[in-house]
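Asker: Below is the structure, and that's it, no one-letter string:
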């Protein structure tokens, strides 16, 4: 796959996973400073990794959400949790199970923050 094909596949996957509105905002907000970064993540994160056949999108979502809890990257956690709920990937109960699982491996403080982030997210979606 060349870069143009990877970019197209990446944009298709990025939109499928995160939703049209988010991707439109992210790409519209690109500047001379950030445009190359947007292209990089579209081609490689979305076009190279997310499109691989080895895992289902649902499994990749769970891995990303768990990793974001472990890293304490709460803005990205909210982004991927919202996308998992709104784009049909996971249910609220499944997200709860991911956070409970991470409580054991990442610690109670991380899970506590994740539950607070989810509570706020769910309230905003109601």
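Answerer: Okay, I see it. Because the structure is a prediction, the values reported are computed rather than measured.

Asker: center of the protein - which residue?
Answerer: With distances taken as Cα atoms, centre = their mean, the residue of the chain nearest its centroid is residue 80 (3.2 Å).

Asker: Please list all residues in contact with it.
Answerer: Contact analysis of residue 80 by Cβ atoms under 8 Å, 6 or more residues apart in numbering lists 18, 61, 64, 65, 68. Backbone N, C-alpha and C define where each C-beta goes, glycine included.

Asker: Check the gap between it and residue 73 for me.
Answerer: Counting by Cβ to Cβ, to the nearest Å, the separation of residue 80 from residue 73 is 9 Å.

Asker: Next: residue 18.
Answerer: Distance, residue 18 to residue 73, using Cβ to Cβ: 15 Å.

Asker: how's this protein carved up into domains?
Answerer: Split into domains by automatic domain parsing, the chain comes to 3-49, 57-125.
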